[in-house]
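# here you go, sequence then predicted model.
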Amino acid sequence: MYMLRIEHPVPSYERWKQAFDSDPVGRKKMGVRRYQILRPVANPNHVMIDLEFDTAQEAEALLNAMRTVWSRVEGTIMMNPQVDIVETMETKTY
């Protein structure tokens with residue numbers, strides 16, 4: 001599995017979440033298997049999103065689509081996205 005990890009500050013979590021839920025790129029169609037949204041307890045205006053894919057190519061395609069979206073909303077919905085595509089090497093559940 002591959003994960004696209006996105007992290008950035010947001011002026012308003014509620015406005016960001018509304019934009020995220022509108023799904024402007026069609027996450028499911030682009031191969032997202034699952035996602036999770038994380039937010040630091042000490043900083044509710046910062047989000048981390050992990051999007052899971054079967055292939056690194058799918059993750060890269062979604063990232064490219066998101067860069068187009070970000071160019072339209074940066075500064076109003078979110079700022080300064082930091083991204084990585086990572087490979088899951090091991091998962092263990094207790």
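Ah, there it is.
# I'd like the mean pLDDT over the helix ranked longest in the chain, please.
Counting by DSSP state H, the longest helix found in the chain is helix 56-73. The pLDDT scores in helix 56-73 average 96.
# check which helices and strands that helix is in contact with.
On a contact count with 3 or more Cβ pairs under 8 Å, 6 or more residues apart in numbering; DSSP states H and E, helix 56-73 meets strand 2-9, strand 46-53, strand 82-87. To be clear about C-beta, it is placed using only N, CA and C from the backbone, and glycine gets the same treatment.
# which among those is found nearest to Q18?
Between Q18 and those, the shortest separation by Cβ to Cβ is 12.8 Å, and it involves strand 46-53.
# what's near enough to touch A42?
Counting by Cβ atoms under 8 Å, 6 or more residues apart in numbering, A42 makes contact with nothing.
# coming back round to it: what angle do the longest helix of the chain and strand 2-9 make?
20 degrees (axes from the mean of the first three to the mean of the last three Cα atoms, to 10 degrees).
# buried set for helix 56-73?
By 16 or more other Cβ atoms under 10 Å, the buried positions in helix 56-73 come out as 58-59, 61-63, 66, 70.
# let me know the closest of the residues you listed to M79.
W70 (9.4 Å).
# that closest one against M79, yeah?
No. Counting by Cβ atoms under 8 Å, W70 does not reach M79; the two are 9.4 Å apart.
# how many neighbours does W16 have?
20 (other Cβ atoms under 10 Å).
# over to Q18?
What Q18 shows, counting by other Cβ under 10 Å, is a neighbour count of 11.
# okay, it: pLDDT?
96.
# so it is in which element?
helix 13-22 (DSSP states H and E).
# contact partners of the following helix or strand past that helix?
Counting by DSSP H and E, the element after helix 13-22 in chain order, helix or strand, is strand 34-38. Contacts with strand 34-38, where a contact means Cβ under 8 Å, 6+ apart, come from 17, 20, 27, 47-52.
# 10 Å - rerun?
1, 3-7, 13, 16-17, 20, 27, 46-53 (Cβ atoms under 10 Å, 6 or more residues apart in numbering).
# what do W70 and M79 both touch?
Joint contacts of W70 and M79 (Cβ under 10 Å, 6+ apart) are H8.
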